[in-house]
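[1] attaching a predicted model along with its sequence, questions to come.
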Amino acid sequence: MGVDPDVAAGWASDLGKRVSGRVIAASDVGYAEAAAVWNGCFSLRPALVVRCQSTDDVAAAVSFVTERGLHLAVRGGGHSAAGFSTCDDGLVLDLSPMQAVDVDPVRAVARAQGGCTWGRYDEATAVHGLASTGGLISTTGIAGLTLGGGVGWLTRKYGLACDNLLGAEVVTASGAVVRTSDSEHADLLWGLRGGGGNFGVVTEFEYRLHPVQTVVGGLVLFPFDRTMEISAFYRDWIGELPDEFTTLLMLLTAPDEEFVPADLRGRPAVAIVGCHCGTEAAAETALAPLRQLGPAADLFEPMPYPGLQSMFDADYPAGDRYYFKAGFLPALTDAAARLIAEHMAKAPSPRNEFDLHHLGGAVARVRAGDTAFADRSTIFLYSIIAVWSEQSGDGANQAWARGFAADLARFSGDRNYVNFLTDPGSKSDVQRLYGDERYSRLLELKRRYDPGNLFRLNQNIVP
């Protein structure tokens, strides 16, 4: 329906008196840019976008929304696959101006504001030869990824992003500012470690840092007709890998690049992608069996960690259309591998891909009840990723991903990874995602910190 422009202008004027950041209404210059999000499937029209400069701005905006009964969307990096970073007719609380990172190399701790991206975070920590587990591309925001769990290139050695979260500053639904740590509001910190954005706006994250400088990262590429062979090899090979080596099996279209043989460019392919954060000698030893398979292309080489973090940025540009399905896979059986290959052979977009993340290592050593993350016992996390450019491709690509996920579900369990889900889940879906015991704890937190469900644009825990 839309908000009357005069009403929105009045809101903007009122809120502008309370915050130091810019408040942007639909009639203002720069509105289209301010309202845009990464996933082009979502072109919603919020009444206001407030670009917060501080925690005080966030608290004022939350109070403003509550007073007027508006919908609220919170945007950190804006990469929400499900479009939770925006809304129609309500207010988008944009944290992107808040990107400061403060590194304490002696304590090996970093504090980063909620609008920070992993690229900005890595830039600040790499100066000291340090890093935390981040995402798989550098343009992702630290906030959404951490709150949902946070799978990245350092996962097997240093755990999920949420496992490295030591504390946080949170603006709750009442507008109060709460500091969390293992000794202060520890229950809320538990919920932030995997429970998503259900409990408030995190304006600052405090992370544990680890010594990471040069890594051996990249990928090897094989023709698609070797998928069953490479899948069987991968299943056995990962059992011998050290925690320093985080890998994933990927089915995709080979890029049209010089490093790919001419007869494979633009054709279906299978790849093994990874990051070894140990010594170069240890990485070469781990890679040797893989290289004996004779890949068509081999891009594994030493590089700065931030270089690997940004290696795939160009494959996921803002404004293209994305649809994700995901789940945990207990084993890569021949039957599962065959089904995956069959669906990838029918992908309607050449940019669609299937990623199988190898977990275990440090992820599995965190006790299941210590965080809200859904499943630490399963060896694989998969994501079905549809990527296309034009709206006319919506039906075919979304139907492909849904059908793929429905067929693969017979090999997977009930748990899921909130960061890789595009469809908002029903109450029963979200309860099944987390499991009864974990969901019960999350529900108690939700009732305490957000009883009116102001923060509902997420995989929502309904109070």
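    That came in fine, so what should we check first?
[2] with just CA atoms, put stretch 91-101 into CSV.
    Once side chains and other backbone atoms are set aside, the C-alpha atoms of stretch 91-101 remain, and they are given as CSV (Å, rounded to 0.1, in the frame of the first residue of the first chain):
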residue,chain,number,x,y,z
LEU,A,91,12.1,1.3,9.0
VAL,A,92,15.4,-0.1,8.0
LEU,A,93,18.0,0.3,10.7
ASP,A,94,21.2,0.5,8.6
LEU,A,95,24.4,-0.2,10.6
SER,A,96,26.7,0.1,7.6
PRO,A,97,28.3,3.4,8.8
MET,A,98,29.4,1.6,11.9
GLN,A,99,32.5,-0.3,10.8
ALA,A,100,35.2,0.5,13.3
VAL,A,101,37.5,-2.3,14.4
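[3] identify each buried residue in that stretch, please.
    91-99, 101 (16 or more other C-beta atoms under 10 Å). Just so you know, the C-beta spots here come from the backbone N, C-alpha and C atoms, and that holds for glycine as well.
[4] out of these, list just those in strands.
    Counting by DSSP state E, the buried residues of stretch 91-101 place 91-94, 101 in strands.
[5] and the two most separated of those residues?
    Across these, no pair lies farther apart than L91 and V101, at 26.5 Å, counting by C-beta to C-beta.
[6] pLDDT weak spots in the stretch 151-300 of the chain?
    Judged by pLDDT under 70, the stretch 151-300 of the chain has no weakly predicted residues.
[7] how about S85, nearest residue that isn't a chain neighbour?
    On the basis of C-beta to C-beta, 6 or more residues apart in numbering, the spatially nearest residue to S85 that is not a chain neighbour turns out to be R75, at 4.1 Å.
[8] next, that neighbour: phi, psi?
    Phi and psi for R75, reported as degrees, to the nearest 10, are phi -120, psi 120.
[9] pull the contacting residues for it.
    Counting by C-beta atoms under 8 Å, 6 or more residues apart in numbering, R75 makes contact with 37, 85-86, 92-96.
[10] return the member of those residues nearest to V127.
    S96 (22.3 Å).
[11] give me the number of residues near the closest residue to that closest one other than its chain neighbours?
    Using C-beta to C-beta, 6+ apart and skipping the chain neighbours, the partner closest in space to S96 is G115 (4.4 Å). Counted with other C-beta atoms under 10 Å, the burial measure for G115 works out to 24 neighbours.
[12] can you redo the ones in strands among the buried residues of stretch 91-101 as TSV with pLDDT and distance to V7?
    Putting these into TSV (pLDDT from 0 to 100; distance: C-beta to C-beta, whole Å) gives the following:
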residue	pLDDT	distance to V7
L91	97	13
V92	98	17
L93	98	19
D94	98	20
V101	98	38
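[13] got a markdown table for these, with distance to L421 too?
    Formatted as a markdown table, those follow (distance: C-beta to C-beta, whole Å):
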| residue | distance to L421 |
| --- | --- |
| L91 | 24 |
| V92 | 21 |
| L93 | 22 |
| D94 | 23 |
| V101 | 28 |
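[14] quick one: which of those is nearest V29?
    Closest approach between these and V29, by C-beta to C-beta: D94, at 16.0 Å.
[15] nearest residue to A82 other than its sequence neighbours?
    Sequence neighbours aside, T422 is the residue nearest to A82 in space, at 5.0 Å (criterion: C-beta to C-beta, 6+ apart).
[16] quick one: the strands in the stretch 351-463 of the chain?
    Under the criterion DSSP state E, counting those that start in this stretch, the stretch 351-463 of the chain contains strands at 353-358, 380-388.
[17] who's in contact with stretch 290-306?
    For stretch 290-306, the external contacting residues (C-beta under 8 Å, 6+ apart) are 119, 122-123, 126, 131, 138, 153, 212-223, 229-230, 233, 237, 254, 259-261, 264, 269, 272, 274-275, 277, 280, 283, 287.
[18] buried members of these into PyMOL, please.
    What follows is the PyMOL syntax for the buried subset of those, where burial is set by 16+ other C-beta under 10 Å:
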select buried, resi 119+122+126+131+138+153+212+214+215+216+217+218+219+220+221+222+223+230+233+237+254+260+264+269+272+274+275+277+283+287
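[19] so of the contacts of stretch 290-306, which ones are in strands?
    Among these, the members found in strands (DSSP E) are 131, 214-223, 269, 272, 274-275.
[20] mind checking pLDDT for M1?
    If you check M1, the pLDDT there is 60.
[21] try S440
    For S440, the model assigns a pLDDT of 96.
[22] what's the domain layout of this protein?
    Here the domain assignment for the chain is 5-94, 101-211, 214-420, based on automatic domain parsing.
[23] ends of the first one, how far apart?
    This points to domain 5-94. Taking C-alpha to C-alpha, to the nearest Å, the first and last residues of domain 5-94 lie 20 Å apart.
[24] for the remainder of this discussion, apply numbering that starts at 49.
    From this message on, residue numbering opens at 49, which makes the last subject domain 53-142.
[25] for that domain, the distance to its chain's centre please.
    22 Å (C-alpha atoms, centre = their mean, to the nearest Å).
[26] kindly report the same for the last one.
    Here the centre of domain 262-468 is set off from its chain's centre by 15 Å, with C-alpha atoms, centre = their mean.
[27] got the end-to-end distance for it?
    Between the opening and closing residues of domain 262-468 lies a distance of 28 Å (C-alpha to C-alpha).
[28] which one of the ones in strands among the buried residues of stretch 139-149 is nearest T114?
    Nearest to T114, judged by C-beta to C-beta, of these is L139 at 10.6 Å.
[29] wasn't the residue nearest to S144 part of a helix?
    No: assessed with DSSP: H, G, I helix; E, B strand; the rest coil, G163 is coil; it does not lie in a helix.
[30] hmm, V149 and it touching each other?
    No: shown here, G163 and V149 do not form a contact pair, counting by C-beta atoms under 8 Å, at 10.9 Å.
[31] doesn't R413 make contact with S425?
    No: under the contact definition of C-beta under 8 Å, S425 does not touch R413, with a separation of 11.3 Å.
[32] who touches the residue minimising distance to the centre of the chain in this structure?
    Against the mean C-alpha coordinate of the chain, by C-alpha atoms, centre = their mean, the closest residue is L193 at 3.9 Å. By C-beta under 8 Å, 6+ apart, the residues touching L193 are 125, 127, 166, 182-183, 200, 209, 467.
[33] mind checking the SS state of it?
    The three-state assignment at L193 reads helix, by three-state DSSP.
[34] per-residue pLDDT, it?
    96.
[35] go on, K475?
    At K475, the model reports a pLDDT of 83.
[36] wait, doesn't it sit right on V510?
    Yes: shown here, K475 and V510 form a contact pair, counting by C-beta under 8 Å, at 5.1 Å.
[37] between the contacts of R123, which sits nearest G248?
    For the contacts of R123, with G248 as the reference and C-beta to C-beta as the criterion, the closest is L141, at 11.2 Å.
[38] list the contacts of that closest one.
    The contact partners of L141, by C-beta under 8 Å, 6+ apart, come to 98, 100, 106, 109-110, 113, 120-123, 249.
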